[in-house]
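>>> predicted model and sequence follow; I will ask about them next.
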Amino acid sequence: AAMVVICAVCASAETYGDFDYSVLDDGTVKITKYIGSAEKVEIPEKINGKSVTSIGNYAFEYCENITSVTIPDSVTSIGVYAFEYCASLKSITIPDSVPLVGPGAFSNCTNLTSVTIQNGVMYIGNEAFANCTSLTGITIPDSVTWIGRYSFGGCTNLTSITIPNSVTSI
(Lines give C-alpha, C1' and ligand atoms only; values in the text may rest on other atoms or scores of the structure.)
Protein backbone atom coordinates (compact mmCIF):
# COMPACT_ATOMS: atom_id res chain seq x y z
CA ALA A 1 0.00 0.00 0.00
CA ALA A 2 1.22 3.48 -0.86
CA MET A 3 1.88 5.78 2.06
CA VAL A 4 0.75 9.38 1.73
CA VAL A 5 2.49 12.03 3.82
CA ILE A 6 0.67 15.32 4.15
CA CYS A 7 2.52 18.36 5.42
CA ALA A 8 0.53 21.59 5.66
CA VAL A 9 3.48 23.62 6.88
CA CYS A 10 6.31 22.46 4.62
CA ALA A 11 5.77 23.54 1.06
CA SER A 12 8.11 21.84 -1.39
CA ALA A 13 10.98 23.92 -2.72
CA GLU A 14 11.22 24.24 -6.48
CA THR A 15 13.31 26.27 -8.91
CA TYR A 16 12.21 28.64 -11.68
CA GLY A 17 15.02 30.40 -13.55
CA ASP A 18 17.12 32.24 -10.96
CA PHE A 19 14.60 31.75 -8.15
CA ASP A 20 13.98 29.04 -5.59
CA TYR A 21 10.33 29.15 -4.56
CA SER A 22 7.60 27.40 -2.61
CA VAL A 23 3.91 27.07 -3.39
CA LEU A 24 1.99 28.21 -0.32
CA ASP A 25 -1.19 26.62 1.06
CA ASP A 26 -3.32 29.27 -0.70
CA GLY A 27 -1.85 28.35 -4.10
CA THR A 28 0.35 31.44 -4.39
CA VAL A 29 4.14 31.52 -4.63
CA LYS A 30 6.82 32.69 -2.20
CA ILE A 31 10.30 33.43 -3.57
CA THR A 32 12.55 31.74 -1.02
CA LYS A 33 16.01 32.44 -2.47
CA TYR A 34 17.59 34.27 -5.40
CA ILE A 35 20.22 32.00 -6.91
CA GLY A 36 21.25 34.07 -9.95
CA SER A 37 23.97 36.63 -10.51
CA ALA A 38 22.24 39.31 -12.63
CA GLU A 39 22.65 43.01 -11.90
CA LYS A 40 19.05 43.84 -12.81
CA VAL A 41 16.48 41.48 -11.33
CA GLU A 42 12.83 41.35 -12.30
CA ILE A 43 10.75 39.29 -9.92
CA PRO A 44 8.11 37.48 -12.00
CA GLU A 45 4.42 38.22 -11.38
CA LYS A 46 3.57 34.55 -11.96
CA ILE A 47 5.45 31.27 -11.81
CA ASN A 48 3.79 28.36 -13.61
CA GLY A 49 0.49 30.27 -13.62
CA LYS A 50 0.55 30.97 -9.88
CA SER A 51 0.79 34.53 -8.50
CA VAL A 52 4.03 35.51 -6.76
CA THR A 53 2.77 37.13 -3.56
CA SER A 54 5.68 36.88 -1.18
CA ILE A 55 9.40 37.56 -1.00
CA GLY A 56 10.65 35.31 1.78
CA ASN A 57 12.85 36.12 4.74
CA TYR A 58 16.50 36.60 3.68
CA ALA A 59 15.60 35.72 0.04
CA PHE A 60 18.06 38.19 -1.53
CA GLU A 61 20.41 38.66 1.44
CA TYR A 62 24.04 39.23 0.40
CA CYS A 63 23.18 39.37 -3.32
CA GLU A 64 25.95 41.88 -3.84
CA ASN A 65 25.75 42.08 -7.68
CA ILE A 66 22.17 43.38 -7.84
CA THR A 67 21.85 47.05 -8.81
CA SER A 68 18.07 47.12 -9.30
CA VAL A 69 15.07 44.95 -8.42
CA THR A 70 11.60 45.21 -9.90
CA ILE A 71 8.90 44.01 -7.51
CA PRO A 72 5.56 43.25 -9.23
CA ASP A 73 2.17 44.44 -7.91
CA SER A 74 1.26 40.81 -7.17
CA VAL A 75 3.62 40.92 -4.16
CA THR A 76 1.90 41.59 -0.83
CA SER A 77 4.70 40.59 1.54
CA ILE A 78 8.40 41.44 1.80
CA GLY A 79 10.01 39.29 4.48
CA VAL A 80 12.47 40.19 7.20
CA TYR A 81 15.95 41.09 5.96
CA ALA A 82 14.81 40.14 2.44
CA PHE A 83 17.36 42.39 0.70
CA GLU A 84 19.84 42.93 3.53
CA TYR A 85 23.44 43.56 2.45
CA CYS A 86 22.59 44.03 -1.23
CA ALA A 87 25.57 46.37 -1.36
CA SER A 88 25.19 47.36 -5.04
CA LEU A 89 21.42 47.98 -4.96
CA LYS A 90 20.89 51.59 -6.06
CA SER A 91 17.11 52.00 -6.31
CA ILE A 92 13.95 50.29 -5.14
CA THR A 93 10.23 50.90 -5.53
CA ILE A 94 7.93 49.36 -2.94
CA PRO A 95 4.60 48.75 -4.73
CA ASP A 96 1.30 49.85 -3.19
CA SER A 97 0.30 46.18 -2.87
CA VAL A 98 2.77 45.72 0.03
CA PRO A 99 1.25 46.89 3.35
CA LEU A 100 4.41 46.27 5.40
CA VAL A 101 8.05 46.78 4.52
CA GLY A 102 9.48 43.93 6.59
CA PRO A 103 11.89 44.49 9.45
CA GLY A 104 15.43 44.99 8.15
CA ALA A 105 14.20 44.45 4.57
CA PHE A 106 16.72 46.85 2.99
CA SER A 107 19.15 47.28 5.86
CA ASN A 108 22.83 47.67 5.03
CA CYS A 109 22.15 48.42 1.36
CA THR A 110 24.96 50.95 1.42
CA ASN A 111 24.59 52.16 -2.21
CA LEU A 112 20.81 52.63 -2.09
CA THR A 113 20.18 56.20 -3.25
CA SER A 114 16.56 56.07 -4.42
CA VAL A 115 13.64 54.66 -2.43
CA THR A 116 10.09 55.08 -3.73
CA ILE A 117 7.39 53.98 -1.32
CA GLN A 118 4.06 53.95 -3.15
CA ASN A 119 0.84 55.12 -1.57
CA GLY A 120 -0.70 51.97 -0.08
CA VAL A 121 2.23 50.95 2.11
CA MET A 122 1.06 51.28 5.74
CA TYR A 123 3.94 50.14 7.93
CA ILE A 124 7.71 50.56 7.70
CA GLY A 125 9.26 47.81 9.82
CA ASN A 126 11.99 48.12 12.41
CA GLU A 127 15.41 48.68 10.81
CA ALA A 128 13.80 48.57 7.32
CA PHE A 129 16.39 50.96 5.84
CA ALA A 130 18.98 50.93 8.64
CA ASN A 131 22.54 51.80 7.62
CA CYS A 132 21.59 52.81 4.07
CA THR A 133 24.43 55.32 4.11
CA SER A 134 23.91 56.60 0.52
CA LEU A 135 20.26 57.52 1.10
CA THR A 136 19.96 61.32 1.17
CA GLY A 137 16.19 61.86 1.09
CA ILE A 138 12.90 60.02 1.33
CA THR A 139 9.22 60.85 1.14
CA ILE A 140 6.81 58.80 3.21
CA PRO A 141 3.36 58.55 1.52
CA ASP A 142 0.07 59.44 3.25
CA SER A 143 -0.86 55.76 3.58
CA VAL A 144 1.88 55.11 6.16
CA THR A 145 0.69 55.11 9.78
CA TRP A 146 3.62 53.45 11.56
CA ILE A 147 7.40 53.83 11.27
CA GLY A 148 9.29 51.23 13.30
CA ARG A 149 12.28 51.47 15.58
CA TYR A 150 15.58 52.39 13.91
CA SER A 151 13.89 52.34 10.45
CA PHE A 152 16.37 54.91 9.17
CA GLY A 153 19.01 54.51 11.87
CA GLY A 154 22.56 54.82 10.67
CA CYS A 155 21.47 56.63 7.48
CA THR A 156 24.28 59.11 8.01
CA ASN A 157 23.64 61.08 4.79
CA LEU A 158 19.87 61.38 5.14
CA THR A 159 19.23 65.12 5.01
CA SER A 160 15.56 65.20 3.98
CA ILE A 161 12.61 63.14 5.15
CA THR A 162 8.95 64.00 4.65
CA ILE A 163 6.62 62.44 7.23
CA PRO A 164 2.88 62.91 6.61
CA ASN A 165 0.22 63.56 9.26
CA SER A 166 -1.05 60.00 8.74
CA VAL A 167 1.90 58.69 10.78
CA THR A 168 0.65 58.08 14.33
CA SER A 169 3.63 56.13 15.65
CA ILE A 170 7.37 56.50 15.18
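Perfect, I can see it now.
>>> phi and psi next, for Gly104.
Taking degrees, to the nearest 10, you get phi 70, psi 10 for the backbone angles of Gly104.
>>> my guess is it contacts Tyr81, does it?
Yes: taking contacts as Cβ atoms under 8 Å, Gly104 lies within contact range of Tyr81: 4.2 Å. Bear in mind the C-beta positions are built from the backbone N, C-alpha and C, glycine included.
>>> so where's the chain uncertain?
For the chain, applying pLDDT under 70 flags the ranges 1-12.
>>> the spatially most central residue of it bridge partners, please.
The centroid of the chain falls nearest to Ile78 when counting by Cα atoms, centre = their mean (3.8 Å). Taking DSSP bridges, one obtains Ile55, Val101 as the residues bridged to Ile78.
>>> Gly104 and Tyr81 - which one has more neighbours?
Gly104 (26 against 23; other Cβ atoms under 10 Å).
>>> contacts only, for that one.
By Cβ atoms under 8 Å, 6 or more residues apart in numbering, the contact set of Gly104 is Val80, Tyr81, Glu84, Gly125, Asn126, Glu127, Ala128, Ala130.
>>> quick one: contacts for Thr159?
Thr136, Gly137.
>>> now it: phi and psi?
phi -110, psi -10.
>>> could you check how far the closest residue to Ile117 other than its chain neighbours is from Val23?
Closest residue in space to Ile117, ignoring its immediate chain neighbours: Ile94 at 4.9 Å, by Cβ to Cβ, 6 or more residues apart in numbering. Applying Cβ to Cβ, to the nearest Å, the value for Ile94 to Val23 is 24 Å.
>>> neighbour count for the two, which is higher?
Ile94 (22 against 16).
>>> now do the phi/psi pair for the more buried one.
Dihedral angles of Ile94 (phi, psi; degrees, to the nearest 10) stand at phi -90, psi 110.
>>> and Ser107, how many neighbours?
28.
>>> again but with Glu45, I slipped
Neighbour count of Glu45, defined by other Cβ under 10 Å: 15.
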